[in-house]
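*Asks:* Output the structure for:
(chains A and B)
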Amino acid sequence: MFKIFEPNKIFFITSKAPKYVMMLFAIVFTIGLLEALIFSPEDYKQSHSVRIMYVHVPAAWISLGIFSTITFLSLSGYIFKNKNFFLIAKSLAPSGFVFNIVALVTGSIWGKPTWGTWWAWDARITSMLILALFYLMYLIAWRIFENKENILKITTIITILGIINVPIIKYSVDWWNTLHQPASINVLSKSSIHSSMLFPLLIMTAAFALFSLLIFLMKYNTELIKIKNKGLDRL
Amino acid sequence: MINEFLYMNGYGLYVWSAFSFTLLSFTTLYVITKIQFVKETKKFMSKFGTLDSKKADVAKSQAINKEILSGKQSI
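*Replies:* Next up, the predicted model:
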């Protein structure tokens, strides 16, 4: 059913793709930085500090997206008995974790001029910190139990427990009184952000997505070569 | 004008540190991933180079790799 996911076939594509993704990322990221730091307007309330949004928000979106994908892949790997899904999930995790840390740190930096504090145990910020801990558990589990038989079960359980936190992150600003502002961008209704700020935000999101794709491809290729090395050891 | 751009109405320190941290994180992640890739590739090249022609043919068929991915043992 999933012959298209055979590593030999995928490696043919993934070994060639990184250099093109890297070029595309460099172009999109440069445009994004110019838009975010120079061309986009300052906010009437937050002044230039609003520019932190262009790294904070895309990093948060992508870390949430990657964790959801990891959970979906882990469950699919279990249902369809396909280990390649687990390999893809494992290769996505490092960039998801780094984006989560970037979201937390840039959020903290943004918090100082906006709220007057670097950190608050606010529902949105705390739930993002919990997500980072789940990412960390997932990555550590792969490192500690890599050669154990139950690694697939352990990592899947971590992702299932972690995914419960994702809707909490999304709706925390609506469910509780938080320092963190509610969502400015809605897919289903009209966004409260002006197009002059939305455009650079979308470009930076595209750049971050390309970067996570680049890291994923490199990491996935490394995992495939590791399997080849194991294969050679068995000869 | 450059000073104004760097100062950003007093918010420069926050804005530049946020962007710098992001760039530093990206660079670190890229370098670590690249090092791991190069290390595994070198390991593969050295292992493959020591194989006799018969074993090299078996390795090229990739049958063992498929077995690893389809078996019940860990990846």
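*Asks:* what's the spacing between the spatially most central residue of chain B and A:N100?
*Replies:* Centroid check for chain B by C-alpha atoms, centre = their mean gives B:T33 as the closest residue, at 2.0 Å. B:T33 sits 17 Å away from A:N100, going by C-beta to C-beta, to the nearest Å. For the C-beta atoms, the positions are set from N, CA and C on the backbone; glycine is no exception.
*Asks:* so who does the nearest residue to A:L139 once chain neighbours are set aside touch?
*Replies:* In space, and not counting its chain neighbours, A:L139 is closest to A:A93: 5.6 Å by C-beta to C-beta, 6 or more residues apart in numbering or on different chains. For A:A93, the contact set (C-beta atoms under 8 Å, 6 or more residues apart in numbering or on different chains) comprises A:66, A:70, A:135, A:138-139, A:142.
*Asks:* Contacts for stretch A:153-165 next, please.
*Replies:* With C-beta under 8 Å, 6+ apart, stretch A:153-165 has contacts from A:67-68, A:70-71, A:74-75, A:77-78, A:86, A:89-90, A:127, A:130-131, A:134-135, A:137-138, A:141-142, A:145.
*Asks:* Restricted to helices, list those residues.
*Replies:* Judged by DSSP state H, the contacts of stretch A:153-165 include A:67-68, A:70-71, A:74-75, A:77-78, A:86, A:89-90, A:127, A:130-131, A:134-135, A:137-138, A:141-142, A:145 as members of helices.
*Asks:* Also near chain B: which of the contacts of stretch A:153-165, exactly?
*Replies:* Near chain B, judged by C-beta under 8 Å from any C-beta of the partner chain, the entries from the contacts of stretch A:153-165 are A:86, A:90, A:145.
*Asks:* Which one of those is nearest to chain B?
*Replies:* The closest of these to chain B turns out to be A:F86 (C-beta to the nearest C-beta; 6.4 Å).
*Asks:* so the closest one makes contact with A:L152?
*Replies:* Yes - assessed by C-beta atoms under 8 Å, A:F86 is found in contact with A:L152 at 5.6 Å.
*Asks:* So which of the two has more stuff around it?
*Replies:* A:F86 (24 against 21; other C-beta atoms under 10 Å in any protein chain shown).
*Asks:* which element is residue 18 on?
*Replies:* This is for chain A. Assigned by DSSP states H and E, A:P18 belongs to helix A:17-34.
*Asks:* not quite, I wanted chain B
*Replies:* Following DSSP H and E, one finds B:A18 within helix B:12-49.
*Asks:* relative to helix A:17-34, how tilted is that helix?
*Replies:* 180 degrees (axes from the mean of the first three to the mean of the last three C-alpha atoms, to 10 degrees).
*Asks:* Run through who's touching stretch B:39-59.
*Replies:* So stretch B:39-59 is contacted by A:222, A:225-226, A:228-229, A:231-233, A:235, B:64 (C-beta under 8 Å, 6+ apart).
*Asks:* hmm, which helix or strand of chain B has the shakiest average pLDDT?
*Replies:* helix B:63-70 (a mean of 64; mean pLDDT, DSSP states H and E).
*Asks:* If you could redo that for chain A, that was the one I meant.
*Replies:* Least confident helix or strand, chain A: helix A:7-14 with a mean of 73, by mean pLDDT, DSSP H and E.
*Asks:* Could you measure from the nearest residue to A:S68 once chain neighbours are set aside over to A:G65?
*Replies:* The shortest distance from A:S68 to any non-neighbouring residue, by C-beta to C-beta, 6+ apart, is to A:V166 (6.0 Å). Using C-beta to C-beta, A:V166 is found at 10 Å from A:G65.
*Asks:* and A:N186, helix, strand or coil?
*Replies:* What DSSP: H, G, I helix; E, B strand; the rest coil gives for A:N186 is coil.
*Asks:* With A:S191 instead?
*Replies:* Assignment for A:S191 (three-state DSSP): coil.
*Asks:* quick one on the thing from earlier: can you list which of the contacts of stretch B:39-59 are found in strands?
*Replies:* Judged by DSSP state E, the contacts of stretch B:39-59 include no members of strands.
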